[in-house]
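J.: Got a predicted model here, sequence first, then my questions.
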Amino acid sequence: MAELIFKKDNIGLGKRKQAIARVFLIPGNGNLTINKISGNKYLQYNDSYLNTIWSPLEKLNLEKQFDIVALVKGGGLTGQTQAIQLGVARQLCKMEKENRAVLKPFGFLTRDARIKERKKYGLRKARKAPQFSKR
């Protein structure tokens, strides 16, 4: 497994908000490992997060043929989950070019570029202004 992890060709990189995920697809029987912890435990047994991660493999009927190993940093669980999903989809496209035609219509290969807007001076948050007083 160690030789698979350190090859550049085997990394699917996914980003969402502040989260960055490096994803490795290893031939296996459908296990998920995130930051060396079981995927179920890391994602707090949230079925929505687990379904999000496995959805690209399910569309290709490959969910029991690969193990997902992800190294994630930054952001929260939602951003990390979506980053892993993008990394899985990109890795599947690297493995076989035909997978791109299947995954593209579902939006798995689209990088969601929305990030938090910065706070501006004179405002309370990015857009929230102090209460206006006429008199």
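T.: Sure thing, it's come through. Please read these numbers as outputs of a predicted model, since none were measured by experiment.

J.: Give me the phi and psi for the most centrally placed residue in the chain.
T.: Here the mean C-alpha position of the chain is nearest to the C-alpha of residue 83 (CA atoms, centre = their mean), at a distance of 1.8 Å. When read as degrees, to the nearest 10, the backbone of residue 83 gives phi -70, psi -40.

J.: Make sure residue 71 is indeed in a helix.
T.: No - using DSSP: H, G, I helix; E, B strand; the rest coil, the assignment for residue 71 is strand, not a helix.

J.: how many other residues sit next to the nearest residue to residue 100 once chain neighbours are set aside?
T.: Spatial nearest neighbour of residue 100, chain neighbours left out: residue 93 (4.7 Å); criterion: CB to CB, 6 or more residues apart in numbering. Every residue, glycine included, has its C-beta placed from N, CA and C. Per other CB atoms under 10 Å, the neighbour tally for residue 93 reads 20.

J.: Repeat that for the one 10 residues further on.
T.: As a burial measure, the neighbour count of residue 103 was computed by other CB under 10 Å and equals 20.

J.: next one: residue 30
T.: When neighbours are counted by other CB under 10 Å, residue 30 registers 13.

J.: Leaving out chain neighbours, which residue sits closest to it?
T.: That would be residue 64: by CB to CB, 6+ apart, it lies 4.6 Å from residue 30.

J.: Fine by me, we can end here.
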